[in-house]
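Q: got a sequence here, can you model it:
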Amino acid sequence: MTVGPLYFRAFIHATEDEENVLVALNNASGLEEYERDVTEGHHGNKIEIVEGVLKKKKDIMNFFAALSKEDLRSMIDSIEQRVDEDCQLFARIDKQKAYLGEIALTRSDDAISVRGKIQTYPKNRDVAVKNITELLEKLIQDKD
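A: Residues are numbered from 1 along each chain as shown. Model (predicted):
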């Protein structure tokens, strides 16, 4: 497997319906159980942080396969900005679209953050970029 585990994180702001955010998170990740933490915003408002992790290869592949060909291509085109020196892949999923059942990338802050370790041995960013690019390209081909 190239990527795993995948970590999902969403913020539930005081102005949001908690159940709607959990539906979005479930639609994006397939997870039903999450760890929760509560923090306070700049103006003293309550913010709940909800996190979950996908560990099984099948579940991780299902997440990537749910992305459109356009989003997979966008990930490939921006892969240099998405992979850090620790071989972590980063993406943001549109929280509103996820609530409606569509898994789509976004640049917005109103997002579900996704982070996953790209497996290489020994750890090497260039190899990680190559491996994840090949995986995403295969997923695009599978959609044709």
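Q: next secondary structure after the lengthiest strand in the chain?
A: When every strand of the chain is counted residue by residue (DSSP state E), the longest turns out to be strand 3-13. Helices and strands here follow DSSP states H and E; after strand 3-13, the next one along the chain is helix 18-29.
Q: helices of the protein, residue ranges please.
A: Under the criterion DSSP state H, helices of the chain are mapped to 18-29, 57-65, 69-77, 79-82, 95-99, 125-143.
Q: so for Ser108, which of the ones you listed sits nearest?
A: Between Ser108 and the helices of the chain, the tightest spacing by C-beta to C-beta is seen for helix 95-99, at 8.0 Å. For every residue, glycine as well, the C-beta is placed using N, CA and C.
Q: quick revisit: format the helices of the chain as CSV; extra columns: mean neighbour count.
A: Output for those, formatted as CSV (neighbours: other C-beta atoms under 10 Å):
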stretch, mean neighbour count
helix 18-29, 19
helix 57-65, 16
helix 69-77, 16
helix 79-82, 12
helix 95-99, 20
helix 125-143, 16
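Q: with distance to Val50 and mean pLDDT added, can I get the ones you listed in TSV?
A: Converted to TSV, the helices of the chain look like this (distance: least, C-beta to C-beta, whole Å; pLDDT from 0 to 100):
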stretch	distance to Val50	mean pLDDT
helix 18-29	6	96
helix 57-65	17	94
helix 69-77	23	97
helix 79-82	23	96
helix 95-99	11	97
helix 125-143	26	94
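Q: Throw those into CSV and include distance to Pro5, thanks.
A: Output for the helices of the chain, formatted as CSV (distance: least, C-beta to C-beta, whole Å):
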stretch, distance to Pro5
helix 18-29, 11
helix 57-65, 7
helix 69-77, 18
helix 79-82, 17
helix 95-99, 19
helix 125-143, 15
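Q: related to what we said a few turns ago, could I get the buried residue list for the longest strand of the chain?
A: Burial within strand 3-13, assessed by neighbour count using 16 or more other C-beta atoms under 10 Å, is assigned to 3-4, 6, 8-12.
Q: just give me the closest of these to Lys58.
A: Of all the buried residues of strand 3-13, Gly4 has the smallest distance to Lys58: 10.6 Å, by C-beta to C-beta.
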